[in-house]
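> sequence-free structure coming up:
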């Protein structure tokens with residue numbers, strides 16, 4: 001009898017990696033569906049949240065945080081700008097550099113998105129460690145560090 005701790009070599013679908021990917025895909029699918037209801041995608045939410053946390057990050061930094069390519073990030077920012085959620089202006093010192101910041105509509109959308117993400121986080125915590133959410137958080141970070 002196989003277990004998740006000691007899966008047979010031929011049972012890929014009982015591996016920790018598969019289970020982790022399945023959980024990630026389920027979370028992403030949930031977020032995609034819920035955020036779609038307010039007109040956002042998960043990467044767009046990541047960009048808006050990143051702009052809330054730090055003013056003027058580079059597109060490359062936003063791309064890393066959102067797990068997308070710099071080219072995709074350019075498209076995401078252009079869409080957010082078109083929708084009035086962010087504005088880009090020339091950097092006051094480096095004229096060719098554009099800074100990106102949230103607009104009032106972007107802040108409003110972000111507040112709604114934060115509620116959706118908080119509800120998803122609550123579902124995750126309840127499924128794994130309702131009394132101590134730090135358990136899953138620290139375990140996932142240890143996995144990420146172990147893979148470096």
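Happy to help now that I have it. All figures in this text were calculated on a predicted structure; none of them were measured in a lab.

> average pLDDT for stretch 52-62?
Averaging pLDDT along stretch 52-62 gives 82.

> thinking residue 34 is in contact with residue 120, fair?
Yes - at 7.0 Å, residue 34 counts as touching residue 120 under the criterion of CB atoms under 8 Å. Quick note: C-beta positions are derived from backbone N, CA and C, even for glycine.

> Show me the helices in the chain, by range?
16-36, 42-53, 59-66, 70-82, 104-128, 134-146 (DSSP state H).

> Deepest-packed of those helices, please.
Scoring the helices of the chain by mean neighbour count under mean count of other CB atoms under 10 Å gives helix 42-53 as the most buried, with a mean of 20.

> who touches it?
28, 31-32, 35, 40, 57, 61-62, 65-68, 72-73, 76-77, 79-80, 85-86, 100-102, 106-107, 109-110, 113-114, 117 (CB atoms under 8 Å, 6 or more residues apart in numbering).

> switch to 6 Å and redo it
31-32, 35, 57, 62, 65-66, 68, 76, 102, 106, 110, 113 (CB atoms under 6 Å, 6 or more residues apart in numbering).

> Now do residue 108 against residue 84, distance only.
Separation of residue 108 from residue 84 (CB to CB, to the nearest Å): 10 Å.

> Now do the phi/psi pair for residue 131.
Dihedral pair for residue 131: phi -90, psi -20, per degrees, to the nearest 10.

> Likewise for residue 103?
Dihedral angles for residue 103 - degrees, to the nearest 10 - are phi -100, psi 170.

> Surely it and residue 88 touch.
No - the pair residue 103 / residue 88 is not scored as a contact, 10.6 Å apart, by CB atoms under 6 Å.

> Give me the most central residue, the chain.
residue 46 (4.8 Å; CA atoms, centre = their mean).

> How confident was the prediction at that one?
pLDDT recorded at residue 46 is 94.

> and the gap between it and residue 33?
Distance, residue 46 to residue 33, by CB to CB: 16 Å.
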